[in-house]
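> Any chance you could fold what I've pasted below:
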Amino acid sequence: MPLLKRATLRMAPLSITAGIHTFGFLLLLPGALWKLPEAQFSWSALSAVALMGVITSGLAYWQYMRIVQHVSAVAAHSSTFMVTIFGVLWGHLVLGEVFTLASYAGGALVLLATMMVTGFNPLSQRDRKTPSAPPG
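Numbering: from 1, shown residues only. Alright, predicted model coming up:
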């Protein structure tokens, strides 16, 4: 059983998330203190960093830990595979980049890998609903 799954069974997801972020803060603190005399902090910059840290990392990790409680860690993390596909899609829509054969092949490989990791099988009988027989 992966360590993350085991941790979510023993501790609350919010506690795990807080611990991860506290540990990260403590790892970065010595370098920040080293550069403190020449650092130029503003309250708006500090509050923006704190807000982005809480919203983007904090909430995302908390949701991820909650999902891991119900499925495997690998299956929960498989949504990050889609980042590549959405990056290419946004590049096409916003920047006008052209889809190439490599784009389609890469997208197909990402989808195939996601299906393999999550165990999704569109041909499986267990995923299909069979009509029930009429009462009689």
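
> Show me which parts of the lowest-mean-pLDDT helix or strand in the chain are buried, residue by residue.
Every helix and strand of the chain was ranked by mean pLDDT, DSSP states H and E. The lowest is helix 73-77, at a mean of 75. For helix 73-77, burial by neighbour count (16 or more other C-beta atoms under 10 Å) applies to 73, 75-76. (Each C-beta comes from the backbone N, C-alpha and C, glycine too.)

> Can you tell me which of those residues lies closest to L59?
A76 (15.0 Å; C-beta to C-beta).

> and the closest residue to the closest one other than its chain neighbours, how many residues sit next to it?
With sequence-adjacent residues excluded and distances taken as C-beta to C-beta, 6 or more residues apart in numbering, A76 is closest to I67, at 4.3 Å. Neighbour count of I67, defined by other C-beta atoms under 10 Å: 17.

> Do you know the pLDDT at I67?
On the pLDDT scale, I67 is placed at 85.

> any idea how far T118 is from it?
Per C-beta to C-beta, to the nearest Å, I67 is found 12 Å from T118.

> Quick one, grab the pLDDT at G91.
So G91 comes in at 91 (pLDDT).
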